[in-house]
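*Asks:* After the sequence you'll find the predicted model.
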Amino acid sequence: MSENIDLANYVPSENEEFMNSKQRAYFRTKLIAWKNDILREARETLGHLAEESANHPDLADRASSETDRAIELRARDRQRKLISKIDAAVQRIDDGTYGFCEETGEPISLKRLDARPIATLSIEAQERHERREKVYRDE
């Protein structure tokens, strides 16, 4: 990104051109900060798991520790998948497709993108997708 944009007090607005350079910079910054938070938490978890790997002589303590470890590892796996979605969103910013619904090609609302910056579907397309999923699940 060649231009220097002050994002400290910037909030994307419907009154400006959709996915202009300022909006792209805003969402890129938001996505990268989110990814960095996840990576920091992952490092803390690894440190915590390394400390916790002490041998517990009591069977109940050992079982509790193993359960905690399994829960932490599942959470880390979900976050690993989330990082790949964040990376994909940054790639969409780079290739100019970020912020547009994969199904309809229409812009995704700024409110939705602000709340869920990895969104690939507009609210309407997401609702249709979820209804189809529910129909198949209920059959």
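*Replies:* Okay, I see it.
*Asks:* Confirm Gln23 sits in a helix?
*Replies:* Yes - checked against DSSP: H, G, I helix; E, B strand; the rest coil, Gln23 lies within a helix.
*Asks:* so who does it touch?
*Replies:* Pro12, Glu16, Gly99, Leu110 (CB atoms under 8 Å, 6 or more residues apart in numbering). From N, CA and C alone the C-beta is placed, and that goes for glycine too.
*Asks:* can you pick the most crowded of the residues you listed?
*Replies:* Each of the contacts of Gln23 was scored for neighbours by other CB atoms under 10 Å, and Gly99 scores highest at 23 neighbours.
*Asks:* returning to that earlier point: would you mind listing the two of the contacts of Gln23 that lie farthest apart?
*Replies:* Farthest pair in these (CB to CB) is Glu16 and Gly99. Separation: 12.6 Å.
*Asks:* What residue spans form the domains of the chain?
*Replies:* Residue ranges for the domains of the chain, per automatic domain parsing: 18-98, 99-139.
*Asks:* Out of these, which gets nearest to Asp6?
*Replies:* Closest to Asp6 of the domains of the chain is domain 18-98 (CB to CB; 9.3 Å).
*Asks:* May I have stretch 18-27 exported as PDB, CA atoms only?
*Replies:* What follows is stretch 18-27 as a C-alpha-only set of coordinates in PDB (Å, rounded to 0.1, in the frame of the first residue of the first chain):
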ATOM      1  CA  PHE A  18     -17.500   1.300  -1.600                       C
ATOM      2  CA  MET A  19     -14.100  -0.300  -1.000                       C
ATOM      3  CA  ASN A  20     -12.100   2.800  -1.700                       C
ATOM      4  CA  SER A  21      -8.500   2.800  -0.600                       C
ATOM      5  CA  LYS A  22      -9.300   4.000   2.900                       C
ATOM      6  CA  GLN A  23     -11.900   1.200   3.500                       C
ATOM      7  CA  ARG A  24      -9.500  -1.400   2.100                       C
ATOM      8  CA  ALA A  25      -6.700  -0.100   4.500                       C
ATOM      9  CA  TYR A  26      -9.200  -0.100   7.400                       C
ATOM     10  CA  PHE A  27     -10.200  -3.700   6.900                       C
END
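*Asks:* Appreciated, that's everything.
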